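**Q** just a sequence and a predicted model for now, questions to come.
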Amino acid sequence: MKVLIVRLSSLGDVVHAMPAVQDIRAAHPEAVIDWVVEPAFAPLVRRVAGVRRVVEAPMQRWRRAWWSGATRAEWRAFKAQLRQESYDAVIDLQGVLGSALAARQARGTRFGLANRTEGEAYEPLAGWLADRAIRVAPRIHAVDRARVLAGAALGRAPEGPPKYGLNPKQRLFKTASPTVAFAHGASHDERLWPVEHWIQLGKRVIEAGWRIALPQGNEMEQTRAELIAAGLQYEKAFHVEVWPTMALDAALDRLALTQGVIGVDGGLSHLAVALDLPHVQLYNAPSAWRTGPQAGGQGHRHQVALEGRPPAVQAAWLAWSNVLVAAS
């Protein structure tokens, strides 16, 4: 069996689609699985167990310059690359026009979403472009949305908690100086936690004997990381490290070497869930049911979501303390 997954972006959504790959492998151990994704996320998808080939599709860039000669040439090359295979199933897990158009270039029966689900982007035209549009529950966790759609496409419902199949180079869980990563960045400002809150929490974490890692992936996150580090003042020199900008596969490897993550509703927090790290995920809105750690999931005791407007520092500290007890 040959299966093509189409999930272009974003980081958190790409992570949420990974368990669908593991479900396919469990149901069809012989399956050959390829994945179409935006180039920024390709290094991470290449680390997913069971993915044979990653096909890069810069749909966002192409959309901005659709009528240029360079874009048309890249599109033809993309289409030729996809059509090297004939697939038993082409599964569009995203449900927007860009992902549907990418799926249409592949040879094989195309499956897509027939309806919008709460909190997720969806364009009805994507369902019309599919050969078979599948209806899922309108209120469903993002991980389950992908798993249910893939299961319906291949005729076998997903079973058990989600497995992500991410392969970091090395895992290290206990050191003399444990490190917690503060995943402070998010693609939407309304998901951010105040810098002052990070500083207050950081002082408590350092007093408890932890080092703090501050990942960042762009200029704004670099600035925020430096503000948090500067706010810790005397603690900074020995206990706080601002990570350099790095590709997602490198970030995966460094995150896997930490002993836990506290983060907002953003891509690195979802990576922490996939890596099964002790984790507190902070939400400024009541949306943890859709993207947060799942009850009964692989880390259901040492991974928790905390909601508030925004969550209080004391609540975050207590949640982190409880997570560490559950992980011990």
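**A** Now that the structure is in, tell me what you want to look at.
**Q** any idea how far Gln294 is from the nearest residue to Pro293 once chain neighbours are set aside?
**A** With sequence-adjacent residues excluded and distances taken as Cβ to Cβ, 6 or more residues apart in numbering, Pro293 is closest to Gln303, at 3.8 Å. For the C-beta atoms, the positions are set from N, CA and C on the backbone; glycine is no exception. Gln303 sits 9 Å away from Gln294, going by Cβ to Cβ, to the nearest Å.
**Q** where does this structure dip in pLDDT?
**A** The chain contains residues with pLDDT under 70 at 172-176, 234-237, 296-300.
**Q** can you list the domains in it?
**A** 2-154, 179-327 (automatic domain parsing).
**Q** for the stretch 51-200 of the chain, just list every one of the strands.
**A** Counting by DSSP state E, counting those that start in this stretch, the segments of the stretch 51-200 of the chain that form strands are 51-56, 86-92, 107-113, 132-134, 179-183.
**Q** the stretch 201-328 of the chain too?
**A** 211-214, 240-242, 261-264, 279-283, 303-307.
**Q** want to throw the ones you listed into CSV with mean neighbour count?
**A** Converted to CSV, the strands of the stretch 201-328 of the chain look like this (neighbours: other Cβ atoms under 10 Å):
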stretch, mean neighbour count
strand 211-214, 22
strand 240-242, 18
strand 261-264, 26
strand 279-283, 28
strand 303-307, 21
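**Q** can you redo those strands as a markdown table with distance to Glu38?
**A** Output for the strands of the stretch 201-328 of the chain, formatted as a markdown table (distance: least, Cβ to Cβ, whole Å):
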| stretch | distance to Glu38 |
| --- | --- |
| strand 211-214 | 25 |
| strand 240-242 | 26 |
| strand 261-264 | 22 |
| strand 279-283 | 24 |
| strand 303-307 | 27 |
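**Q** tell me how far the spatially closest residue to Gly267 that is not a sequence neighbour lies from Gln200.
**A** In space, and not counting its chain neighbours, Gly267 is closest to Leu11: 2.9 Å by Cβ to Cβ, 6+ apart. Per Cβ to Cβ, Leu11 is found 27 Å from Gln200.
**Q** follow-up on the earlier one: determine which of the strands of the stretch 201-328 of the chain approaches Thr223 most closely.
**A** Nearest to Thr223, of all the strands of the stretch 201-328 of the chain, is strand 240-242, at 10.4 Å by Cβ to Cβ.
**Q** which residues sit against that closest one?
**A** The contact list for strand 240-242 (Cβ atoms under 8 Å, 6 or more residues apart in numbering) reads 202, 206, 211-214, 216, 222, 225-226, 228-229, 232.
**Q** of all the residues you listed, which comes closest to Leu252?
**A** Using Cβ to Cβ, Ala213 is the member of those that lies nearest Leu252, at 13.5 Å.
**Q** which strand residues bridge the closest one?
**A** Ala181, Glu241 (DSSP bridges).
**Q** quick check: it touching Thr179?
**A** Yes: between Ala213 and Thr179 there is a contact under Cβ atoms under 8 Å: 5.3 Å.
**Q** give me the common contacts of the two.
**A** With Cβ under 8 Å, 6+ apart, Ala213 and Thr179 have common neighbours Thr258.
**Q** in the protein, which spans are helices?
**A** 11-27, 42-45, 59-64, 69-82, 97-104, 124-129, 142-154, 195-207, 219-231, 236-239, 248-256, 267-274, 288-291, 313-327 (DSSP state H).
**Q** any idea how many residues pack against Leu268?
**A** 26 (other Cβ atoms under 10 Å).
**Q** now swap in Glu38 and tell me
**A** As a burial measure, Glu38 scores 20 neighbours (other Cβ under 10 Å).
**Q** again with Ala229
**A** Counted with other Cβ under 10 Å, residues neighbouring Ala229 total 22.
**Q** hmm, Leu214 and it touching each other?
**A** Yes: taking contacts as Cβ under 8 Å, Ala229 lies within contact range of Leu214: 6.2 Å.
**Q** returning to what we had before: what's the most buried one of the helices of the chain?
**A** Of these, the one with the most neighbours on average (mean count of other Cβ atoms under 10 Å) is helix 267-274, at a mean of 27.
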